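[1] A predicted structure for the sequence below; I have some questions about it.
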Protein chains: 4
Amino acid sequence: MTDLSFPTSLGTSTAEEIRLLGQDLTADLMGQVGFGELAFWLVTLRRPTPSETRVFEACLVALADHGFTPTAIAARLTYLSAPDSLQGALAAGLLGGGSRFLGVTEDCGAYLHEVLEAAGPDLPTDDAGWDALALRAVTDTRAARRFVPGLGHPVHKERDPRTPVLVAIAEEEGLRGPHLRLFEAIGRVHEQVLGRRLPLNGAGVCGAALADLGLPVEMLRGFALLARAAGLLGQLAEERRRPIGMDAYLAVDRNAVYVDPSGD
Amino acid sequence: MTDLSFPTSLGTSTAEEIRLLGQDLTADLMGQVGFGELAFWLVTLRRPTPSETRVFEACLVALADHGFTPTAIAARLTYLSAPDSLQGALAAGLLGGGSRFLGVTEDCGAYLHEVLEAAGPDLPTDDAGWDALALRAVTDTRAARRFVPGLGHPVHKERDPRTPVLVAIAEEEGLRGPHLRLFEAIGRVHEQVLGRRLPLNGAGVCGAALADLGLPVEMLRGFALLARAAGLLGQLAEERRRPIGMDAYLAVDRNAVYVDPSGD
Amino acid sequence: MTDLSFPTSLGTSTAEEIRLLGQDLTADLMGQVGFGELAFWLVTLRRPTPSETRVFEACLVALADHGFTPTAIAARLTYLSAPDSLQGALAAGLLGGGSRFLGVTEDCGAYLHEVLEAAGPDLPTDDAGWDALALRAVTDTRAARRFVPGLGHPVHKERDPRTPVLVAIAEEEGLRGPHLRLFEAIGRVHEQVLGRRLPLNGAGVCGAALADLGLPVEMLRGFALLARAAGLLGQLAEERRRPIGMDAYLAVDRNAVYVDPSGD
Amino acid sequence: MTDLSFPTSLGTSTAEEIRLLGQDLTADLMGQVGFGELAFWLVTLRRPTPSETRVFEACLVALADHGFTPTAIAARLTYLSAPDSLQGALAAGLLGGGSRFLGVTEDCGAYLHEVLEAAGPDLPTDDAGWDALALRAVTDTRAARRFVPGLGHPVHKERDPRTPVLVAIAEEEGLRGPHLRLFEAIGRVHEQVLGRRLPLNGAGVCGAALADLGLPVEMLRGFALLARAAGLLGQLAEERRRPIGMDAYLAVDRNAVYVDPSGD
């Protein structure tokens, strides 16, 4: 035990100084680094450029809140039951950030990454090349009876307004990389394989843009969760000001109907 | 039930448009609003000024990560046990954001707020006035056998380096308001009452600065949690790259000693 | 570090043997101890008698599930969003086990305990004595502008059917102790002080009965949580068989109405 | 909205009566049904026989606590940080109940179930037949480069004492069904395929026994979580009496070593 040690590159401190990421927290970071910038740095151990920060924060802004989602309602109901524990309500909301409602960002980034890895180092140089790569990928995915992540949206059935805007921001910042290009190509070609036209959704385009920033694809869900943490704080602040939790609960409970289990 | 409605000022959307905070998400927010700025806006329903954003983000940066805290270790151990659920590990870490390790920010903001409310609208205009108010508050708090939040730190026993830096940033931005001034005065006078000199700690000064931004004191813990969410993502990314969870677990389990319950 | 040790009276094991609570898990516990019995033993470090086990399990059964509570809905919504993580859905449900919906058991047990502690060792010997003690307690509590925990119920406005049944079970088992007697007396006298008659509720009577079993009052919320864990598993199994999460979510989201924040 | 209804077979109530599972809670369940029995009933919607209850509770007892596991330490560290929220500490502990430390029960039950489903309705009638089926399954699993769940244990390298005891209890109760028989056969034959002898572990045998009770394999993790909820309450009660959380935290934090991120 005597020589057991726990290595870290994050926070360390002495009686006089607090260090974070190898920097002096007070001299180098506070007041000089934005919060989104720091989040990027904490995960990657490198400080993002202003362009990277802009694309990164645009993704966080896009993912922060989508109104009365199941996670927002779960957080509000938890706050209703346990108003003494804001952390519990926030945690309950984040626990819905799994495979279904918040997982598309990660799934899409990981899918694009996998296709690019398999394609090797010589990536396409024009749209036709990207289309060919996308066509192969979508064809293979369908053959394996899997879904292509990032396609389709329950509300934005024609077109998700976030997608072109995020592509444009990435382009402005010189960060429209291979993941975004492949994703756009999928948007152009999937109809040939799937037989119907689906929009490239906002969670998916965020996954593509985040992957183009060099963020580890296994952590992409984490950024969606961070964004949602801000959204959930907004939901909980609103629940304090103008509560809907009790009504949401009663909308279910007052309409409960007993079903004889033997008929199940 | 027919006329039941659920009001919100946060996210709403139609098939064509996504709105957040009364803005068009894609036209008005993405690429134009920073993540910290958005978090402030989501909670308060007003967009912060650049000065407010700078002080706000300085607080989030100060609170994001303090190395191997109990919450960071809990998150890493949860990830070790359930690597399939990043959201679970993050939630487990945030659940430690309660009264003790992360609560000082909220407690301090609330304490200062309460003293100021009781003092009425005519606030002191010079240091002598603030010192008198602080002296009364500390005296009353001690008489009630309560602690003054924000005083003392287990590591930074003499001086917490975050405190003067955050005060200076707030001063630069014209946001050194009554909560910070009262907190500083407490730093000057508490020794007269308590008989020993304690540093104004970093969690406390963040509470004071956040309260000066007009943020609701009941939500201050929430901002500490948001900051910590970024820190925990850093911890979990590091746990993937360079795991310490197993060693932390074994450091305890290998040194377990059975105690006969009858002797308890 | 070398001599650091971590004492425990719970689980320990060697390559050959697994011990729990000082017993051989396989020879002494498996197949011979019920699950409720073990839960009691784990918290108190003493094996309950069959009578104590019966009262204890009657409380757990009473607290396990109350249908579509906010916690049950939160668990189901979390499962809807993240079906890959049953533990996350269960945890989200338990996080609602705070001061409001699940806290009455603990609050009531603690309240009765406090009154009994203050009353000293010579407890009343007849109903008149208990009524006098109860009257003083309710009068003092009202004077302090606090609520008497365990009084009143939103649905069972006249009489909570759990209360007389649990008292009768405790009586049968010779475990109708001072906490239950004081609680019953509060039921008889509170109208004199409060001016209206309220039922003794089921969560409260469980708190009284659990306290009479000698369980630590600070842990009573924990037993309510354990009971609810079983109920939430039932809710989640039902959500798999016959989902309502999506409908519950849509019942809120489809009736969302945007409110201009400036009017807040 | 008017005709929206939420069906359930669990808890419902009127002003006079509380019903659960189609029973009158107070007349039919309290004092007459054990807690483990109720948990089984809540998930399956059928009341278990006394034999089923005994096997079921033996599994819960076997799974309740294994000392200073990562989940137990995470719960204690969370309690250290946020002692005001017992539900948060319990939830944090349960969140470690994922694929790795608590998932074997579910994985093993699901694996055995899948092999039996594929084998069709005519199951073996003697040990030789079970061995042949097990040999095919282990061979196929290895060929697919997957692990056979339930084999091996970090501490009980030779033999897990829980396995023969649980098999014996199931045998006594007439509930040693196909999942257990297949699991035992895997114990006999795996060495032929894998080249080394591994013990059948306790988490795995519980998965087999629970599956033999007809419990849905997708919910098996849930029973492990319920069992662990009792164990975690024991851990948290012990943390109150004899805290180790601070020492566990310091054992890590005092041995933190900063690593330059550029070397990562």
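    Thanks, I have the structure now.

[2] so who does the closest residue to chain B within the stretch 101-250 of chain A touch?
    Residue of the stretch 101-250 of chain A nearest chain B, by CB to the nearest CB: residue A:234 (3.0 Å). C-beta: built from backbone N, CA, C; applies to glycine. Contacts here follow CB atoms under 8 Å, 6 or more residues apart in numbering or on different chains; on that basis residue A:234 touches A:64-65, B:10, B:39, B:42-43.

[3] what about residue A:47, neighbour count?
    Residues near residue A:47, counting by other CB atoms under 10 Å in any protein chain shown, number 15.

[4] Work out for me the element it sits within.
    Under DSSP states H and E, no helix or strand contains residue A:47.

[5] quick one: it and residue B:175, what's the gap?
    26 Å (CB to CB, to the nearest Å).

[6] Also residue A:240?
    Applying CB to CB to residue A:240 and residue B:175 gives a distance of 24 Å.

[7] higher neighbour count, the two?
    With neighbours defined as other CB under 10 Å, residue A:240 and residue B:175 compare such that residue B:175 has more, 19 against 14.

[8] Quick check: residues of the stretch 151-264 of chain A near chain B?
    By CB under 8 Å from any CB of the partner chain, the residues of the stretch 151-264 of chain A that approach chain B are A:155-159, A:161-162, A:165-166, A:169, A:172, A:202, A:216, A:218-219, A:221-223, A:225-227, A:229-231, A:233-238, A:240, A:242, A:244, A:247-248, A:251, A:254-255.

[9] Among the residues you listed, name the buried ones.
    A:156, A:159, A:161-162, A:165-166, A:169, A:202, A:216, A:218-219, A:221-223, A:225-227, A:229-231, A:233-238, A:244, A:248, A:251, A:255 (16 or more other CB atoms under 10 Å in any protein chain shown).

[10] Going along the chain, name the helices of chain A.
    Along chain A, the stretches classed as helices by DSSP state H are A:35-44, A:50-63, A:70-81, A:86-94, A:104-119, A:127-143, A:162-172, A:178-194, A:202-212, A:220-241, A:245-253.

[11] Please produce a markdown table containing those, extended by mean pLDDT.
    A markdown table is the format used below for these (pLDDT from 0 to 100):
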| stretch | mean pLDDT |
| --- | --- |
| helix A:35-44 | 98 |
| helix A:50-63 | 98 |
| helix A:70-81 | 97 |
| helix A:86-94 | 97 |
| helix A:104-119 | 96 |
| helix A:127-143 | 97 |
| helix A:162-172 | 98 |
| helix A:178-194 | 97 |
| helix A:202-212 | 97 |
| helix A:220-241 | 97 |
| helix A:245-253 | 95 |
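
[12] Tell me the confidence at whichever residue of the stretch 151-264 of chain A sits closest to chain D?
    Per CB to the nearest CB, the residue of the stretch 151-264 of chain A with the smallest distance to chain D is residue A:261, at 3.7 Å. The score at residue A:261 is 74. That number is its pLDDT.

[13] could you check the distance from it over to chain B?
    26 Å (CB to the nearest CB, to the nearest Å).

[14] List the residues that contact the closest residue to residue A:229 other than its chain neighbours.
    In this structure, residue A:229 finds its nearest non-sequential neighbour in residue B:229, 4.5 Å apart by CB to CB, 6 or more residues apart in numbering or on different chains. Neighbouring residues of residue B:229 by CB under 8 Å, 6+ apart: A:225-226, A:229, B:90, B:94.

[15] tell me the contacts of the residue lying closest to residue A:202 once chain neighbours are set aside?
    Spatial nearest neighbour of residue A:202, excluding adjacent residues (CB to CB, 6+ apart): residue A:162 at 3.4 Å. Taking CB under 8 Å, 6+ apart, we find residue A:162 in contact with A:62, A:201-202, A:205-206, B:18, B:25-26, B:30.

[16] farthest-separated two in those residues?
    Farthest-apart pair in the contacts of residue A:162 is A:201 and B:30; separation 14.6 Å (CB to CB).

[17] who has more neighbours, these two?
    Relative neighbour count places residue B:30 above the other of residue A:201 and residue B:30, with 27 against 24, counting by other CB under 10 Å.

[18] pretty sure that one contacts residue A:55?
    No. Here residue B:30 lies out of contact with residue A:55, judged by CB atoms under 8 Å, at a distance of 9.9 Å.

[19] Common neighbours of these two, please.
    A:166, A:169.

[20] Show me which of the contacts of residue A:234 is closest to residue A:144.
    Of those, the one sitting nearest to residue A:144 (CB to CB) turns out to be residue A:64, at 33.4 Å.

[21] So what's the residue count around the closest one?
    Residue A:64 - counted by other CB under 10 Å - has 28 other residues nearby.

[22] quick one: contacts for it?
    Residues near residue A:64 by CB under 8 Å, 6+ apart: A:227-228, A:230-231, A:234, B:20, B:35, B:38-39, B:42.

[23] Just send the residues you listed back as CSV, with distance to residue A:121 too.
    Converted to CSV, these look like this (distance: CB to CB, whole Å):
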residue, distance to residue A:121
A:227, 32
A:228, 35
A:230, 38
A:231, 38
A:234, 43
B:20, 40
B:35, 33
B:38, 38
B:39, 39
B:42, 42
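
[24] ok, so of those, who is nearest residue B:76?
    Distances from residue B:76 to these, taken by CB to CB, are shortest for residue A:228, at 21.2 Å.

[25] and that closest one, how many neighbours does it have?
    Residues near residue A:228, counting by other CB under 10 Å: 29.

[26] Wait, it touches residue A:66, no?
    No. With contact defined as CB under 8 Å, residue A:228 does not reach residue A:66; the gap is 9.1 Å.

[27] Now do the shared contacts for these two.
    In contact with both residue A:228 and residue A:66: no residue, using CB under 8 Å, 6+ apart.

[28] ok, the residue of the stretch 151-264 of chain A closest to chain D - contacts?
    With contact taken as CB under 8 Å, 6+ apart, residue A:261 is in contact with D:9, D:21-22, D:45-46.

[29] What's the ChimeraX syntax to select whichever of those are buried?
    Selection of buried members from the contacts of residue A:261 for ChimeraX, criterion 16+ other CB under 10 Å:
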select /D:9,21,45
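
[30] I'd like the contacts of residue A:261 as TSV, with distance to chain A and pLDDT appended.
    Below are the contacts of residue A:261 laid out as TSV (distance: CB to the nearest CB, whole Å; pLDDT from 0 to 100):
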residue	distance to chain A	pLDDT
D:9	4	94
D:21	7	96
D:22	6	93
D:45	4	96
D:46	8	96
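
[31] what's the closest of the contacts of residue A:261 to chain C?
    Once CB to the nearest CB is applied, the member of the contacts of residue A:261 that ends up nearest chain C is residue D:9, at 6.7 Å.

[32] do you know how far the residue nearest to residue A:202 is from residue D:173?
    58 Å.

[33] what's the answer for residue A:128, then?
    In terms of CB to CB, residue A:128 sits 69 Å off from residue D:173.

[34] So which of the two has more stuff around it?
    Using other CB under 10 Å, the more surrounded residue of residue A:128 and residue D:173 is residue D:173, with 18 against 10.

[35] The more buried one and residue C:137, how far apart?
    50 Å.
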